[in-house]
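Student: Okay, sequence plus prediction incoming.
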Amino acid sequence: MCGIVGYVGQRPAQDLLLAALQKLEYRGYDSAGIALVENKSLYLEKRAGKVSDLMRVLKASRATVGLGHTRWATHGPPTDQNAHPHCDCQKKIAVIHNGIIENYLPFKEELQARGHIFLSQTDSEVIAHLIEERYDGTNLLEAVREALRPLRGAYALAVVATDSPDEVIVARQGSPLVLGLGEHETFAASDIPALLAFTKTMVFLNDGELGVLRRDGVELCDFEGRRITRAPQRIEWDVVTAQKQGYKHFMLKEIHEQPHALANTLQNRYELATGKIVLPELQKLTEKIHKAQMVYCVAMGTAYYAALTAKYLWREFFRVPLAVELASEFRYSKPYLDENTLVIAISQSGETADTLGAVREARARGASVISIVNVVGATLTRESDATLYTHAGPEIGVASTKALLAQLAALDLLGFFIAQSRGWLAPEQTRPALESLVRGPALIEKLLQQEREIVRLAQVFYEKEHFLFLGRDLLYPIALEGALKLKEISYIHAEGYAAGELKHGPIALIDAEMPTVVLVTKESVYEKVFSNIEEVKARRGIVITVTDQINKEIERVSDFIIEIPPSSRWLAPLLFVVPLQLFAYHIADLRGTDIDQPRNLAKSVTVE
Ligand code: F6R
């Protein structure tokens, strides 16, 4: 939800800010803007549309200090006026903001009563005017600190002022912000990949902290003005991984990276010979894990479907009753929480506001939190008692793909670890599951080779307007994920259902125009799902069967079949989801949608 970037250095800032903004566009892409400070004046340009639209209207500039913003609208539609940066009345201060200022309205009214003219409908513009009233042209950091004090909500923001031409002030409360350190230059951005081309030495700002970026480094302090020292971290992601590398879209590249994402997440975390799970990052929670009487799993979107899948496996193999909840509901549903409760929070970005909210609530009430996160140093990792990283690498496409496979693998490892620590599962009993999981990357590689067939299937179906996805048991969450992938990138209406639910309502939708994708595995309730296919066929529905069990019966009732290699209950969800991702991708590609940046969506949902 909005991407922000700031720079102070010796290079021309404009190109650098634009390059970073293009990397951040996945966070929001309905408008973009830039503010540059040069010769004590402000050059500001902002536009509704993408960063490329902004680039077309920019004049050349040699400024070496500036800010850039790409927006995902919350307050006010995507227009030129509502685009960031926002300015004070004198046009001497420029502010970019990611987040929501919840109590902006009374401040806006008071400022207007004092003669401030507002040009936008955003919540963010009040920040520029509040700073203006507190800035005497000397201490910009102090003015920002004072301006932010009464504001409530979430923000990562950056500020420049013509009277402080060699610095950028940044602040963070609830929205992500990372600072980069280079040779005589410093950077700020919403996310690591935006800065990877310039530096790999980064400092993470925490909530309640401000920073001053200067050419010779960054200075941090808290909202009380106390100095903070924090050692920089070296980020090992490389620039190449964060590029498309010849793929038409990031999403397609990330689908193809899944064998690696899975292998990397499993790597060095088990001993195959003994079946022992090795997760030193969780060692400090051993006692809590022993005592836990209640285990919740909270997440949103695709990460939630990973949790739903784990629910079946954990119940079956680990004797852990896992309560899986949407993080956005958990917090407001008066959950049972105490010091014997363990909460597992899953998030690719580690910045999802709903998931962070659930975790904060859980910890405030004594529970311990283990997070499963992909982005190194993300807020969620700092707000958890322990983190199990998924090593999927940067996921840039807005629709989550490889992160899901990595989450499923991490949840398996975590389940084994908990069951082994509590003595419910001997390491040697874990071996068959591990042996199956380690075959995953090769089997996914094999599945990816069927892409041409899936393209052909997409060519048959891309003009349909409604789809149904059915699955049962472990494949029910995968059916939900298949429907989510299709709707978010192709804008086709798709619904995922537990196959058993078919007769309880959705069957009314079936006709000769409505394709139904049915997931069938020999591993579980095969006959029942088979009967569901018969029910669809009896109503002249079109059936696309995704299955690891091809036989005469399946061939008779299916209009099309996607074959999955036989595996195990551990691996089946990871395999079945791959063709569904490819199907959604190629349908969207044929429909010509903006696959990496689908309308109305953003990669990290940092507002509730
Ligand atoms: C779907 C998708 C979203 C995210 C959800 C949670 O393709 O990407 O549903 O899964 O917004 O995001 P994270 O995992 O970053 O918390």
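Tutor: Received the coordinates, thanks.
Student: From now on I want contacts and neighbour counts done on CA atoms only, so please keep to that.
Tutor: Noted.
Student: Run through the residues that contact the residue lying closest to Arg11 once chain neighbours are set aside.
Tutor: Once flanking residues are discounted, Arg11 sits nearest to Thr64: 5.7 Å by C-alpha to C-alpha, 6 or more residues apart in numbering. Each residue near Thr64 by C-alpha atoms under 8 Å, 6 or more residues apart in numbering is listed here: Tyr7, Val8, Gly9, Gln10, Arg11, Pro12, Ala13, Gln14, Leu36, Val37, Glu38.
Student: swap the cut-off to 6 Å and go again
Tutor: Thr64 sits next to Gly9, Gln10, Arg11, Pro12, Ala13 when contact means C-alpha atoms under 6 Å, 6 or more residues apart in numbering.
Student: what's the neighbour count on the last one?
Tutor: Read it as Ala13. Close neighbours of Ala13, defined as other C-alpha atoms under 10 Å, add up to 23.
Student: Low-confidence bits of the stretch 201-350 of the chain, can you list those?
Tutor: Residue ranges of the stretch 201-350 of the chain with pLDDT under 70: 238-242.
Student: re the thing from before, weed out the non-buried ones from the contacts of Thr64.
Tutor: Gly9, Pro12, Ala13 (16 or more other C-alpha atoms under 10 Å).
Student: so Leu502, which of the three states?
Tutor: Using DSSP: H, G, I helix; E, B strand; the rest coil, the structure places Leu502 in helix.
Student: Given whatever helix or strand Ile169 lives in, what are its sheet partners and their directions?
Tutor: In the assignment (DSSP states H and E), Ile169 maps to strand 164-173. Strand pairing for strand 164-173, using DSSP bridges, gives strand 153-161 (antiparallel), strand 209-214 (antiparallel).
Student: ok, what's across the strand from Leu468?
Tutor: Glu495, Thr516.
Student: Next one: it from Pro506, what distance?
Tutor: Leu468 is 8 Å from Pro506, where distance means C-alpha to C-alpha, to the nearest Å.
Student: Which one's more surrounded, the two?
Tutor: The neighbour comparison of Leu468 against Pro506 (other C-alpha under 10 Å) goes to Leu468, with 24 against 14.
Student: which ones are touching that one?
Tutor: Ala494, Glu495, Gly496, Thr516.
Student: what's the closest of those to Leu434?
Tutor: Distance to Leu434 across those (C-alpha to C-alpha) is lowest for Gly496, with 29.5 Å.
Student: Which of the buried ones among the contacts of Thr64 fall in helices?
Tutor: Among the buried ones among the contacts of Thr64, the ones falling in helices (DSSP state H) are Ala13.
Student: tell me which of the buried ones among the contacts of Thr64 is nearest to Ser490?
Tutor: Checking these against Ser490 with C-alpha to C-alpha, the nearest one is Ala13 at 36.4 Å.
Student: re the thing from before, in a markdown table, list the contacts of Leu468 along with neighbour count.
Tutor: Formatted as a markdown table, those follow (neighbours: other C-alpha atoms under 10 Å):
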| residue | neighbour count |
| --- | --- |
| Ala494 | 21 |
| Glu495 | 20 |
| Gly496 | 23 |
| Thr516 | 24 |
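Student: so can I have JSON lines of the residues you listed showing pLDDT and distance to the ligand?
Tutor: Shown next, in JSON lines, are the contacts of Leu468 (pLDDT from 0 to 100; distance: C-alpha to the nearest ligand atom, whole Å):
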{"residue": "Ala494", "pLDDT": "97", "distance to the ligand": "14"}
{"residue": "Glu495", "pLDDT": "96", "distance to the ligand": "14"}
{"residue": "Gly496", "pLDDT": "97", "distance to the ligand": "14"}
{"residue": "Thr516", "pLDDT": "97", "distance to the ligand": "20"}
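Student: measure Glu465 to Ala499 for me?
Tutor: Between Glu465 and Ala499 the computed distance is 21 Å (C-alpha to C-alpha).
Student: Report how many residues lie close to Leu582.
Tutor: Neighbour number of Leu582 under other C-alpha under 10 Å is 26.
Student: Please settle this for me: is it part of a strand?
Tutor: No. Using three-state DSSP, the secondary structure at Leu582 is helix, not a strand.
Student: What's the separation between it and Lys402?
Tutor: 12 Å.
Student: Kindly provide the distance from whatever residue of the stretch 401-550 of the chain ends up closest to the ligand to Arg452.
Tutor: When scored by C-alpha to the nearest ligand atom, the stretch 401-550 of the chain has Lys485 as its residue closest to the ligand, at 5.9 Å. Here Lys485 is placed at a distance of 19 Å from Arg452 (C-alpha to C-alpha).
Student: Just want to know which of the two has more residues nearby.
Tutor: A side-by-side neighbour count of Lys485 and Arg452, using other C-alpha under 10 Å, places Lys485 first with 26 against 12.
Student: who touches the helix or strand where that one lies?
Tutor: Assigned by DSSP H and E, Lys485 falls within helix 475-490. Helix 475-490 is contacted from outside by 305, 309, 469-471, 493-496, 498, 580, 584, 588, 595, 598, using C-alpha under 6 Å, 6+ apart.
Student: Name the member of those with the most neighbours.
Tutor: For the contacts of helix 475-490, neighbours tallied by other C-alpha under 10 Å; top is Leu470, 29 neighbours.
Student: The helix or strand containing it - what's its average pLDDT?
Tutor: Using DSSP H and E, the element containing Leu470 is strand 466-471. Average pLDDT, strand 466-471: 97.
Student: Number the chain from 28, please
Tutor: With 28 as the first residue, the last one maps to strand 493-498.
Student: Measure how that strand sits relative to helix 502-517, angle-wise.
Tutor: In terms of direction (axes from the mean of the first three to the mean of the last three C-alpha atoms, to 10 degrees), strand 493-498 departs from helix 502-517 by 150 degrees.
Student: how far is strand 493-498 from where the chain is centred?
Tutor: 24 Å (C-alpha atoms, centre = their mean, to the nearest Å).
Student: from what I can see Val325 touches Ala372, true?
Tutor: Yes. Val325 is within contact range of Ala372, at 4.9 Å (criterion: C-alpha atoms under 6 Å).
Student: Need the winner for burial among the strands paired with strand 191-200.
Tutor: strand 180-188 (a mean of 26; mean count of other C-alpha atoms under 10 Å).
Student: Residues contacting that strand, please?
Tutor: 119-129, 195-202.
Student: Could you give the average pLDDT over it?
Tutor: Across strand 180-188, pLDDT averages out at 94.
Student: Sounds good, over and out.
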